[in-house]
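1. can't give you the sequence, but here's the structure:
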């Protein structure tokens, strides 16, 4: 990326700290801003079977919900009930997705 002096407009090297033409101090370009995706663990209201724990985990980590459910059942059956215990803990800890209500409508005053 080419840098130019803010005072005189002369083209500068990328690593220049001062302009060779006018001597003005150059500031490095700001670092690029990358969008951060913050995904909260929530139990969704749509697509859930019992409490939405498996659906919430699959939504948060972009996993297939069928595999999350299969692993939960396998951990429950063959893991000594660890899957059921984890499911109940997630059920208690994960908040439910908030209800999306339509915006309130304003009505003209009655006369």
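-> Yep, that arrived. Worth saying up front: this structure is predicted, and the values here are computed from it rather than measured. Numbering: from 1, shown residues only.
2. helices or strands up against the lowest-mean-pLDDT helix or strand in the chain?
-> Within the chain, no helix or strand scores below strand 3-4, which has a mean of 76 by mean pLDDT, DSSP states H and E. Other helices and strands packing on strand 3-4, by 3 or more Cβ pairs under 8 Å, 6 or more residues apart in numbering; DSSP states H and E, are strand 11-12. Yep, even glycine has a C-beta here, placed from its N, CA and C like the rest.
3. Next, residue 32: secondary structure please.
-> coil (DSSP: H, G, I helix; E, B strand; the rest coil).
4. Any idea how many residues pack against it?
-> Neighbour count of residue 32, defined by other Cβ atoms under 10 Å: 5.
5. show me where the protein has helices.
-> For the chain, the helices defined by DSSP state H cover 53-61, 65-78, 82-93.
6. Highest mean neighbour count out of those?
-> For these, ranked by mean neighbour count under the definition mean count of other Cβ atoms under 10 Å, the leader is helix 53-61 at a mean of 20.
7. Could you spell out which stretches of this protein belong to which domain?
-> Per automatic domain parsing, the structural domains of the chain span 1-29, 37-98.
8. hmm, back to that, would you format the helices of the chain as TSV with mean pLDDT included?
-> Output for these, formatted as TSV (pLDDT from 0 to 100):
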stretch	mean pLDDT
helix 53-61	91
helix 65-78	94
helix 82-93	94
